[in-house]
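> any chance you can model this:
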Amino acid sequence: MRWFLGITIGILAAVVLYLGAAAHSLSELASAARAGDGAKVLERTNVKALNHSLTHQIVSAYLERIGAKRPISPMEKTLINVYGATIADAMVAKMLTADRLTQLLKTGKLDGAGDVPPLSGIPTLGDLDTKLSSVLGRLHFIQPVLLGVRVSDNSAPDDYAAIDLHFEDFGWKLSGIELPKATVRALAASLPVK
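Predicted coordinates:
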C-alpha cells in the first residue's frame, strides 16, 4: 500500500512540475511580448519550427483556394507544396524578425511590408492570463513534448488561434502559431496565382 501511495504522489508531482514548467515558460513569453522585448521573445522561440508551422498553414490555405476553383492533380499539388513553400517561407521569414514577431504577439497586428500583407485581428498573447489555473482550460495535449495553448477567446473553427510550446533545452519554447483561418487565407491570397 505504501509503494502505491508513493508512486501516486510521484506521478502527481511529475504532472504538476510538467504543467507548471509549461505555464512558467508561457508566462515568461507573454511578459516578454507585453514588454516589447524582441530579444527575449526570440530567446523563448524555436524560430525554425515556428517558420515551418506558419509556412505549412499558408501553403495548405493556398491549395484550398486553388482547389475550390478546379481539381488539383497530384503532380501539381507536389509542385505547389515545393514552390509555394519556398515563396511562403520567404514571406514568413520576414514576419519572424524579433520586432515583427513581438509586435504580432503583443498587439495581434502586423504592419505590411513588401510581400507581407498587413494583418490584424489575431488574438494577442499579451492579453492571456498565464496563471496555471487559467492555462489548464486552454491547454491541448498534442505530444508529451508538445502542448497547444488556445489564445482565442473561443474555440469556434474560424476564430480559433493557438500557440504551440515545445519542450527543448530544459524549457518550453514557442514552436508554432495557429492563426485564425481568415488571417491564413489573407496570407495565402498574397501568393502568386498561376
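
> who's in contact with residue 47?
Going by CB atoms under 8 Å, 6 or more residues apart in numbering, residue 47 touches residue 96. Just so you know, the C-beta spots here come from the backbone N, C-alpha and C atoms, and that holds for glycine as well.

> now swap in the one 4 residues further on and tell me
Residues in contact with residue 51 (CB under 8 Å, 6+ apart) are 89, 92, 93, 96.

> tell me the SS of the second one?
Residue 92 falls in the helix class when you classify it by DSSP: H, G, I helix; E, B strand; the rest coil.

> dump the residue contacts of it.
51, 54, 55, 58.

> please, a PyMOL command that selects the buried ones among those residues?
Only the buried entries of the contacts of residue 92 go into this PyMOL selection, using 16 or more other CB atoms under 10 Å:
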select buried, resi 51+54+55+58
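
> before we move on, back to that, quick one: buried ones out of the contacts of residue 51?
Buried positions within these, assessed by neighbour count (16+ other CB under 10 Å), are 89, 92, 96.

> next, residue 130: phi, psi?
phi -100, psi 10 (degrees, to the nearest 10).

> next one: it from residue 147, what distance?
Residue 130 sits at a distance of 13 Å from residue 147 (criterion: CB to CB, to the nearest Å).

> what about those two, which has more around it?
Neighbour comparison, residue 130 and residue 147: the larger count goes to residue 147, with 24 against 19 (by other CB atoms under 10 Å).

> tell me which element that one falls in.
Here residue 147 sits within strand 146-150, counting by DSSP states H and E.

> need the overlap of contacts for residue 130 and residue 147.
By CB under 8 Å, 6+ apart, no residue touches both residue 130 and residue 147.

> helices or strands next to the host helix or strand of residue 9 in the packing?
Using DSSP H and E, residue 9 maps to helix 2-35. Counting by 3 or more CB pairs under 8 Å, 6 or more residues apart in numbering; DSSP states H and E, the packing neighbours recorded for helix 2-35 are helix 38-43, helix 98-107, helix 132-136, strand 162-168, strand 171-178.
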